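Visitor: Sequence first, then the predicted structure, then my questions.
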Amino acid sequence: MRAWLCALALLAGCGFHLQGRVPLPAVVRAPYLEVPDPQTDFVQSLRHDLLANGVALAQDRTKASAVISVLADAVTRRVISVSARNQPNEYEVTYTVRIEVTAGERELLKDQEVTATATYSFSEPLLLAKGHEEDILRADMARDLAQRVMRLLSRL
């Protein structure tokens, strides 16, 4: 019993939180989300994470407690290896997001870039499956980036 209580005390003291729940400061409890494209994987993941944490997204920028601006939201893909027949064997996918957070004239979080990178193999006969694999990787990277942004927001 004592060991169990000690482990619980250690977890509470180290900042452990259940996945998906990040304690956010009051200044970002009713933010306005300013995005160039509301349908990207990252924006959808960030919106989901904010709502899951009890945040009430403001519909009007002037009534928001803060403005979370997504300045860049881009996915790039590059070939990292080719076969003897000059066909791509492996790709690297990079998802890059830039955000800043302001409250009125005050800058709470200066322009921050967050990046995730993943690689996947490519095979011409498996073209459809490999295209789907890239979509899954992109969605996973977007969720990872959204969680990293949530941790940044929790430190404001």
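Guide: Cool, got the structure. Numbering: from 1, shown residues only.

Visitor: Just the C-alphas of stretch 82-89, formatted as PDB.
Guide: The C-alpha coordinates for stretch 82-89 follow below in PDB (Å, rounded to 0.1, in the frame of the first residue of the first chain):
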ATOM      1  CA  VAL A  82      16.000   5.500 -55.500                       C
ATOM      2  CA  SER A  83      16.300   2.100 -57.100                       C
ATOM      3  CA  ALA A  84      18.700   1.100 -59.800                       C
ATOM      4  CA  ARG A  85      15.900   1.900 -62.300                       C
ATOM      5  CA  ASN A  86      15.700   5.400 -60.900                       C
ATOM      6  CA  GLN A  87      12.300   4.800 -59.200                       C
ATOM      7  CA  PRO A  88      11.800   6.200 -55.700                       C
ATOM      8  CA  ASN A  89      12.300   3.600 -52.900                       C
END
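
Visitor: Who does the residue nearest to residue 110 when sequence neighbours are not counted form a beta bridge with?
Guide: Nearest-residue entry for residue 110: residue 100, 6.3 Å, with adjacent residues in sequence omitted and distances by C-beta to C-beta, 6 or more residues apart in numbering. Bear in mind the C-beta positions are built from the backbone N, C-alpha and C, glycine included. Assessed by DSSP bridges, residue 100 has beta-bridge partners residue 69.

Visitor: wouldn't residue 100 be in contact with residue 71 here?
Guide: Yes - taking contacts as C-beta atoms under 8 Å, residue 100 lies within contact range of residue 71: 6.3 Å.
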